[in-house]
Structure formats: C-alpha cells, structure tokens
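Peer 1: Return a 3D structure for these sequence lines:
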Amino acid sequence: MTKDPGWLLSRYSAADAQDSLELVRSVLGESEAAVPAFEAWQRRRTTAGTAIATLAREATSGRLIGQAVTVPVRVRVAGKVRVAGLSLDPVIDPACQDRGLVAGLLNDACALSAQQSIAFAYGFPSQPFYSTFVNRAEFKSVGSVPLLFLPLNPERLAKKTLHSGAEVKMASIARRVWRSPLPAPRQEALPGLEIAQIDSFDGSFAAFWDRVQHRFPVMVVRDPTYLNWRFIDVPMREYKAFAARSEGEVRGFIALRATTLGQFSAGLIADLLVEDSAEGRAAGRLLIDQAYSYFRDRDVDILASLALRHTDEFRLLRSRGFWVSPKFLQPRPFRLVVRCHDEEGSPSRVAYELRNWFVTLGDLDVG
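Peer 2: Numbering: from 1, shown residues only. As a prediction, this is how the structure comes out:
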C-alpha cells in the first residue's frame, strides 16, 4: 500500500468489488463497465491472466475515490509472444481534484505490472487523461491512429454536424463530400471466395493466425481463444462476425458492432484482418461491402473504423469509399501511448514506433 497526503493506494482484491462497481456507476452512470458480468469478463476471464487494478481511498474515511485497471493481453512482439497490458482510462470521483491521484494510480499499476513480467503497457487515453499518461506517468506518445468513416445517411449526418456547432464552412464542405457514393460492389475474379457469418472462431482461425502473424512486429494475438473471448463471449455487447474463405482457408474476417460514436448512431468495424495475398485483399473488399450492407439495413448514420496508414486494411477501407475523419467529427482522438517495463534494448522497445503496430477498434476497450 502506497500512502500520499489525503489518499492511500492499494491493489484491488475481491473485497473491493462492490466499492469498485459503485465508483464506476457514480462516474460513468449505468454503463456496461458497471455491470458485474462485464467487470468479471474484463478483469478475471481474460485470455492472459487476471487484470491488475490499483485503488485510491481517502485516508480519513476509506472511501474509494479512484481506480486504474490494466488488462493483460497476449501480444506478438518482434516474433515472440509476450504479455502486455492495456491501460484503461482511470475512473476518478469528480469531487476529487488532486492532480497527483491519476499519476499515482497509473504508476502503481505499472510497478505491479513490471513485477508480474508484463513487458509493456499501452493505451489510448481520452483527452482528460492523455497529458497525465505522457507527462506524469512515463508513457511515451507513439502517434495517432486515424479514424475512418463512411456516411450512410448523409443528410442526417450533415444536420447533426450543423447542430454540433461546427463551422458552417466546414459543414458545407463535409455535406458535399458525404454525397459521394460508395464504389459499386466488386465482382472479384477469384473463384470460390465466399463470405459467411460465423458464430464462433474455430480451428481454421488458428491456421489463419499462423499465416498473418508475421505481417507486423506488434500485433495482439488473434488466435481463436482471444477472438472468442473478445467478440463472442463478451457480455453486454453484440458483435456480428463474418469470414471470407476460399479453397477451404480463411482469407480474412471482420467483426461488427452497432453503437454510438459521439452524437451519431454508428456501425463499427471493430476488427478487420486479411491475409497478405491477392485472395486476402479481395476478401477484404468483400468483407467491407458486407459491413456496408449490414449497417445500411439498420439505418445508422455512419460506418467507422480505425486503421493505420501503413496497413492493407487502411488502403482497403479507402478504396471502398472511407474518408479519414476530420477533427471536428471525431468523438475523441485515438492516440497510442506506450510504457515499457523491461530492460533497455529489449525487443519490446519496437512498441515505441507506430509503424510497427497493427491496430483496430477491437484493440481498444471501447471498440
């Protein structure tokens, strides 16, 4: 337990569960994070071990005033599978104004992570916490991940944008852009390439992961165990997953979720990964068209995804009509921060370079 004037830091235990849920509920309202089943899935039923959580309590009353959670994730780093930690946004009682509290929670979580041989922590902090991660908790800002979007209801989208207070000139430009039609679906010249919905990720996805895991130096391990945990077994969220296959092999997959993105109803491409081949790129185009059809039928405002510019997935999304979102449309920036826990010169240090990463919305807790 670490002590600071006004509050005490300690590691989360089962005895803290009720206080933790009440804090989350008081700060975030009736969100999924305040539901016991979701909390158990995220903290105790991960594929890489139990989450690390640090708590802050008032020194005088013992009242819980803050917490920070790091979710262990298996990540392939420079050819070797390591355990990393996804650092979630801290949850802080609004009545607590101590600027050192967030930094204290994050630093304690990192210290505990290092003790458990977690190679590095990474996160995508929201605006209120970004500066603390970088300036006071020793995380390095690696770079921003582009948000790509495709309007499905241009007039409604433009109307909502105007009501958001964006400059009229920008809204006018956006309205003209949003009227650009989606490219016509392609008839791929690859016999046998088929798209089908999947209810679980079976052994064929293990073979797929074996083929694609070498594409980038830093990738969350997307084997069947992880994919089922992330998109099938998760409570409080509903994902739809589709796979593209030819010649009996998975060539790519996509995971979709309907939700809100800022003020817009949104269809999220939570995950999109394709094989590095002509078959894989053809599969990617068909999977994106499948997402477009799926969400168009559900009358959402916008289709959105995250992808880094150096990936085939980014180029595929752009080829199917997606735009890189201007800042006034983004509900929040998606900035990757990293803090390595192991020694200087470790292979994990490749995580400090954005060009080494593969990132989708599914790699965030919000996706």
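Peer 1: Okay, buried residues for stretch 303-322 please.
Peer 2: With burial defined by 16 or more other C-beta atoms under 10 Å, the residues of stretch 303-322 counted as buried are 303-308, 311-314, 316-317, 320-322. Glycine gets a C-beta too; all of them are placed from N, C-alpha and C.
Peer 1: For the residue nearest to residue 129 when sequence neighbours are not counted, give me its contacts.
Peer 2: The shortest distance from residue 129 to any residue other than its chain neighbours is 5.5 Å, reached at residue 89 (C-beta to C-beta, 6 or more residues apart in numbering). If you count contacts by C-beta atoms under 8 Å, 6 or more residues apart in numbering, residue 89 has them with 123, 125-126, 128-129.
Peer 1: Residue 55: which of those is nearest?
Peer 2: Taking C-beta to C-beta as the measure, residue 129 is the one of the contacts of residue 89 closest to residue 55, at 16.7 Å.
Peer 1: tell me which element that closest one falls in.
Peer 2: Here residue 129, judged by DSSP states H and E, is contained in helix 127-135.
Peer 1: now that helix: how far from the chain's centre is it?
Peer 2: Taking C-alpha atoms, centre = their mean, to the nearest Å, one finds helix 127-135 lying 18 Å from the centre of the chain it belongs to.
Peer 1: Return the residues in contact with residue 298.
Peer 2: 258, 267.
Peer 1: Now it: phi and psi?
Peer 2: Comment: the main-chain dihedrals of residue 298 come out as phi -100, psi 10, following degrees, to the nearest 10.
Peer 1: Roughly how far does it sit from residue 255?
Peer 2: Residue 298 sits 16 Å away from residue 255, going by C-beta to C-beta, to the nearest Å.
Peer 1: Can you list the low-confidence ranges for this structure?
Peer 2: Along the chain, the parts satisfying pLDDT under 70 run over 1-5, 158, 160-191, 345.
Peer 1: still on that earlier bit, so the residue nearest to residue 129: helix, strand or coil?
Peer 2: Judged by DSSP: H, G, I helix; E, B strand; the rest coil, the three-state class of residue 89 is coil.
Peer 1: Which members of the contacts of residue 89 are the farthest-apart pair?
Peer 2: Distances among these were taken as C-beta to C-beta; the most separated pair is 123 and 128, at 13.2 Å.
Peer 1: ok, these two, which is more surrounded?
Peer 2: Summary of the neighbour comparison: residue 123 and residue 128, criterion other C-beta atoms under 10 Å, with residue 123 having more neighbours (25 against 12).
Peer 1: Surely the more buried one and residue 137 touch.
Peer 2: No - the criterion here is C-beta atoms under 8 Å, and residue 123 misses it with residue 137 at 9.9 Å.
Peer 1: overlap in contacts of those two?
Peer 2: Shared contacts of residue 123 and residue 137, counting by C-beta under 8 Å, 6+ apart, come down to nothing at all.
Peer 1: So residue 269: helix, strand or coil?
Peer 2: On the basis of three-state DSSP, residue 269 is classed as strand.
Peer 1: what pairs with it across the strands?
Peer 2: Note on residue 269: beta-bridge partners residue 256, residue 305, judged by DSSP bridges.
Peer 1: what about it, how many neighbours?
Peer 2: For residue 269, using other C-beta under 10 Å, the count is 28.
Peer 1: Residue 299 touches residue 153, doesn't it?
Peer 2: Yes - applying C-beta under 8 Å, one finds residue 299 in contact with residue 153, separated by 7.1 Å.
Peer 1: what ranges do the helices span in the stretch 201-350 of the chain?
Peer 2: Taking DSSP state H, counting those that start in this stretch as the test, the helices found in the stretch 201-350 of the chain are 204-212, 224-227, 278-296, 312-319.
Peer 1: List just the one of these that sits closest to residue 79.
Peer 2: Evaluated over these, closeness to residue 79 peaks at helix 204-212, with 13.2 Å, by C-beta to C-beta.
Peer 1: pretty sure residue 336 is touching residue 356, no?
Peer 2: No - contact between residue 336 and residue 356 fails when scored by C-beta under 8 Å: they sit 10.9 Å apart.
Peer 1: ok, those two, which is more surrounded?
Peer 2: residue 336 (22 against 18).
Peer 1: Assign the most far-flung residue of the chain relative to its centre to helix, strand or coil.
Peer 2: Residue distances from the centre of the chain (C-alpha atoms, centre = their mean) peak at residue 60, which lies 37.3 Å from the mean C-alpha position. Reduced to three states with three-state DSSP, the structure at residue 60 is coil.
Peer 1: please begin residue numbering at 42 from this point
Peer 2: With the count now opening at 42, the last piece we talked about shows up as residue 101.
Peer 1: where's it relative to residue 364, distance?
Peer 2: Counting by C-beta to C-beta, the gap between residue 101 and residue 364 amounts to 53 Å.
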